[in-house]
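Visitor: Structure for this input, please:
(chains A and B)
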Number of protein chains: 2
Amino acid sequence: MRAAFYISDGTAITAEVFGHALLSLFPVEFQHITIPFVETEQHAETVLEQIKAHFEESGQRPLVFYTMVNSEVRQLMSESVGINYNFLDQFVAPLEKVIGVPSKPEKHRTHSIHEKTYDIRIEAVNYALANDDGSNLKDYHEADIILVGVSRSGKTPTSLYLALQYGIKAANYPFTEDDMGDILKMPASLRGFQKKLFGLTIDANRLHQIRSERKANSRYASMQQCRMELREVENLYRKEKIPFLNSTKFSIEEISAKILATTGLQRKKY
Amino acid sequence: MRAAFYISDGTAITAEVFGHALLSLFPVEFQHITIPFVETEQHAETVLEQIKAHFEESGQRPLVFYTMVNSEVRQLMSESVGINYNFLDQFVAPLEKVIGVPSKPEKHRTHSIHEKTYDIRIEAVNYALANDDGSNLKDYHEADIILVGVSRSGKTPTSLYLALQYGIKAANYPFTEDDMGDILKMPASLRGFQKKLFGLTIDANRLHQIRSERKANSRYASMQQCRMELREVENLYRKEKIPFLNSTKFSIEEISAKILATTGLQRKKY
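Guide: Model (predicted):
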């Protein structure tokens, strides 16, 4: 199998995202190898050896996606026996012309603790955890968004993703049977925060399946219960004009992107 | 201010990561605008209008980073008045030659629920939450890794990141005063799992600062207490040969990348 290396003097996340997106266009399997924090020429030499060893073993030149701030290390990497993609650099010179300013690479500008919004993201993660699953009802005034929905409709992972990736303070509140008498009404703890609410819903079949994995043959997991709860929350969303999304066919990345696009909520980090 | 657009018929995450990494090389501020899920020609037309409006308002041609599977929509995007970077496509033709197979773009192959390891990631997030902060001591046999350290040394956000991004089941266990008699010994609940342990430590000054934000003037936040706890855990790491990392100067992305590189732990998702 051909190897794909992702190499950087930082986390190598940019190299991974770029290289993986590119390779995913091909119906071929690759062996993925990430090597972050290649900060010295000595380390780079051992990486060159690794690339060479993969070439000799497989007979196929490895693909090498790399980004490097250190110019000596970058020069070394460009001499690997692999097929080298210094994929950011080829855009830099034309972009300098467009912007009219020379580039000024700083070590680890992205994905590092030195990013301006790093502390905001960590605070948002702590907020999301403290306000997960209706566990705290008194700090909703701090929320950027409050995700609502029935149990297991995707609220928690989405809240965490919004916090970790974008620094958005996302609380989440599950509608439970306590909220549903004859008919689901807006819970008291959410009143006054209606503009922050975003609803999730999900297909009854899928909800039944997810809940059955947790508590097989329970009333909680039954199709009847799932259908009833979903009908009630969707009625509430419509009645209270809460924007909502059916999460069944979407990943947390997709749900998050759709929430940002729908609500216009501003991320704290790019 | 010049606008930078990130546009895709998927989440636009790849466009954002690439474009942002490139622009972060420049000492210039940009107005960042992400437009995901541009799936129809009609939607693309409105996006072209937005780009044009930004151009007319600022007098500077917007930078447009885009990836598109749909060829009609891609064609439209290439006609924007911005400076267009269809940054994946220019690598595709040369890569087809190298690999010897034509590319076969599928809609939303990356960052979608159709990724093979999507369910594994969600399961890992649920695991990380259920096993956060020593809240569950009986499922460590399922863990891929158990992060240990004193309270507020970065265990929880790192566990969540490892789970969300890589599908790694990361538990975390905080050493508390209950574990520290005269001397910190390996807690009973961690015995038998020593090969899964990874330690975090942090500078005493930084720990004091973080804890003071939570509980000012408490014994918990005092320099003396922070120093004592850190000395004990670092001694334990050395005595029990637990690999460890000082998290003070690193982001969760960097800590996670270092953990993977140090332990050789295999991610479930690329």
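Visitor: How much space separates the closest residue to A:Asp139 other than its chain neighbours from A:Ala143?
Guide: Nearest-residue entry for A:Asp139: A:Asn131, 6.1 Å, with adjacent residues in sequence omitted and distances by CB to CB, 6 or more residues apart in numbering or on different chains. Yep, even glycine has a C-beta here, placed from its N, CA and C like the rest. Distance of A:Asn131 to A:Ala143, given as CB to CB, to the nearest Å: 7 Å.
Visitor: any idea of the mean pLDDT for the helix or strand containing A:Phe5?
Guide: Using DSSP states H and E, A:Phe5 maps to strand A:3-8. For strand A:3-8, the mean per-residue pLDDT is 97.
Visitor: Mutual contacts of A:Asn131 and A:Ala143, please.
Guide: A:Lys169, A:Ala170, A:Ala171 (CB atoms under 8 Å, 6 or more residues apart in numbering or on different chains).
Visitor: coming back round to it: check the gap between the residue nearest to A:Asp139 and A:Arg267 for me.
Guide: Distance, A:Asn131 to A:Arg267, using CB to CB: 18 Å.
Visitor: Next: A:Phe91.
Guide: In terms of CB to CB, A:Phe91 sits 23 Å off from A:Arg267.
Visitor: more neighbours, these two?
Guide: Taking other CB atoms under 10 Å in any protein chain shown, A:Phe91 and A:Arg267 do not tie; A:Phe91 has more neighbours (20 against 17).
Visitor: For that one, give me the pLDDT.
Guide: For A:Phe91, pLDDT reads 92.
Visitor: Name the nearest residue to it, ignoring sequence neighbours.
Guide: Closest to A:Phe91 by CB to CB, 6+ apart is B:Leu22, at 5.6 Å.
Visitor: Kindly report the same for A:Ser189.
Guide: A:Leu137 (4.1 Å).
Visitor: pretty sure that neighbour is touching A:Phe193, no?
Guide: No: using CB atoms under 8 Å, A:Leu137 is not in contact with A:Phe193; the gap is 10.2 Å.
Visitor: neighbour-wise, which of those two wins?
Guide: A direct count of neighbours by other CB under 10 Å for A:Leu137 and A:Phe193 places A:Phe193 higher, at 16 against 13.
Visitor: For B:Tyr237, see how far away that one is.
Guide: 44 Å.
Visitor: Quick check: bridge partners of A:Ile35?
Guide: A:Ile35 has these beta-bridge partners by DSSP bridges: A:Ile7.
Visitor: what sits against it?
Guide: With CB under 8 Å, 6+ apart, A:Ile35 has these contacts: A:Phe5, A:Tyr6, A:Ile7, A:Ser8, A:Ala12, A:Val47, A:Gln50, B:Ala261.
Visitor: Identify, from those, the entry nearest to B:Asn86.
Guide: A:Tyr6 (21.7 Å; CB to CB).
Visitor: For that closest one, which non-adjacent residue is closest in space?
Guide: A:Ala15 (4.1 Å).
Visitor: and the angle for the helix or strand encompassing the one you found with strand A:3-8?
Guide: Per DSSP H and E: A:Ala15 is located in helix A:13-23. Interaxial angle of helix A:13-23 relative to strand A:3-8 (axes from the mean of the first three to the mean of the last three CA atoms, to 10 degrees): 150 degrees.
Visitor: Helix A:13-23 packs against which elements?
Guide: Packing contacts for helix A:13-23, counted by 3 or more CB pairs under 8 Å, 6 or more residues apart in numbering or on different chains; DSSP states H and E, involve strand A:3-8, strand A:31-35, strand A:63-67, helix B:13-23, helix B:89-99.
Visitor: Phi and psi next, for A:Asn246.
Guide: For A:Asn246, the backbone dihedrals (degrees, to the nearest 10) come out as phi -90, psi 120.
Visitor: which bits of the stretch 101-250 of chain A sit near chain B?
Guide: A:101, A:103-105, A:108-113, A:115, A:118, A:122, A:125-126, A:129, A:132, A:156-157, A:160-161, A:164, A:249-250 (CB under 8 Å from any CB of the partner chain).
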